[in-house]
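In: What follows is a predicted protein model with its sequence.
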Amino acid sequence: MADDARVSYGQCRCAAVRFSVAAPPLITAACHCRGCQRMTASAFSVSALYPADRFKVIAGRTVLGGLRGATQHHFCAACMSWLFTYPEGLSDYVNVRITLLDDADSLSPFIETYVAEKVSWASTPAEFSFAHQPSAEELPGLVAEFASRQR
């Protein structure tokens with residue numbers, strides 16, 4: 001893993017799996033889709049997108065969970081906490097569950113997706129909302145806007 005001024009660490013609920021990420025997030029998001037609601041047993045999932053080559057599991061073992069398709073959801077083999085996801089079509093990136101990071105308080109959702117499936121009482125501080133996902137044309141601008149606010 002390359003050196004970077006910012007290294008964040010995280011762990012699952014039982015601390016059997018520890019991981020690090022040596023980069024700032026590219027963007028943060030809350031996902032309100034029914035799949036995330038069911039996998040978290042909550043109103044939404046929150047994640048931060050990072051370059052996959054800057055992410056590393058440093059202790060423990062993960063297992064695949066979720067639907068086990070092109071999108072790969074990794075869970076702690078011991079406590080089954082949902083840790084991170086390699087999204088379909090974005091193999092160079094990893095979505096890490098924000099609340100598992102030791103510095104979770106420093107990150108909040110910048111965008112929210114699948115608000116068309118959102119439960120009525122759920123709210124986030126996200127600045128941009130999308131009925132489903134932002135388009136491929138919108139994403140670079142959102143990433144740039146997020147980066148400009150992180151400095």
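Out: Good, I have the coordinates.
In: And the strands in this protein?
Out: 8-11, 18-21, 27-31, 45-51, 55-59, 62-65, 72-76, 82-86, 93-97, 111-113, 128-129 (DSSP state E).
In: and the shortest one, what does it pack onto?
Out: Spelled out, it's strand 128-129. strand 111-113 (3 or more Cβ pairs under 8 Å, 6 or more residues apart in numbering; DSSP states H and E). Backbone N, C-alpha and C define where each C-beta goes, glycine included.
In: Show me the longest helix that occurs in the chain.
Out: For the chain, the longest helix by residue count, based on DSSP state H, is helix 139-150.
In: Next, the buried residues of it.
Out: Leu142, Val143, Phe146 (16 or more other Cβ atoms under 10 Å).
In: same check, this time on stretch 94-108
Out: Buried, per 16+ other Cβ under 10 Å, within stretch 94-108: Val94, Asn95, Val96, Arg97, Ile98, Leu100, Leu101, Leu107.
In: Could you tell me how far the fifth one is located from Ser120?
Out: In this structure, Ile98 and Ser120 are 23 Å apart, going by Cβ to Cβ, to the nearest Å.
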